[in-house]
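>>> A structural model of the following input is requested.
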Amino acid sequence: MNTPQTTPERRENLRVREVFVQACTLISPVIAANDTIKTVSNFAMAHMLSEHFPELSATEVHIVIVTAEKLHREQRLQAILHKKG
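Okay, here's the model as predicted:
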């Protein structure tokens with residue numbers, strides 16, 4: 001009989017995963033607006049995220065921004081927000 005084996009968690013940045021959808025919901029309008037006019041810097045988005053998620057480190061905030069921007073460019077961000085939201 002085969003027993004299911006548990007594999008150890010390989011993913012990193014678990015705190016980011018916990019708040020990712022909420023954080024992306026917060027900054028997604030800014031990212032979308034930046035497509036046409038580069039009005040908001042990553043510094044400003046980092047400040048927004050740090051205010052809403054003070055438990056995240058600066059590195060974790062950066063991970064959220066970079067990942068959200070990448071997903072937006074790949075036209076996958078809105079699908080994730082609608083699916084999880």
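
>>> how about stretch 25-32: buried residues?
Applying a neighbour-count criterion of 16 or more other C-beta atoms under 10 Å, the buried positions in stretch 25-32 are 26-28, 30-31. Quick note: C-beta positions are derived from backbone N, CA and C, even for glycine.

>>> closest one to Glu12 out of these, please.
Checking the buried residues of stretch 25-32 against Glu12 by C-beta to C-beta gives Ile27 as the nearest, at 20.9 Å.

>>> wait, doesn't that closest one sit right on Val66?
No - Ile27 is not in contact with Val66 according to C-beta atoms under 8 Å; the separation is 11.3 Å.

>>> can you pull the contacts of the residue most central in space within the chain?
The C-alpha lying nearest the average C-alpha coordinate of the chain belongs to Val64 (C-alpha atoms, centre = their mean; 3.4 Å). Residues near Val64 by C-beta atoms under 8 Å, 6 or more residues apart in numbering: 16, 19-20, 23-24, 27, 49, 56.

>>> now, the residues you listed that are in helices?
If you go by DSSP state H, the contacts of Val64 have 16, 19-20, 23-24, 27, 49 in helices.

>>> just the buried ones from those?
Of all these considered here, the ones buried according to neighbour count by 16+ other C-beta under 10 Å are 16, 19-20, 23-24, 27, 49.

>>> which one of those is nearest to Arg76?
Distance to Arg76 across those (C-beta to C-beta) is lowest for Cys24, with 10.8 Å.

>>> cool, thanks, talk later.
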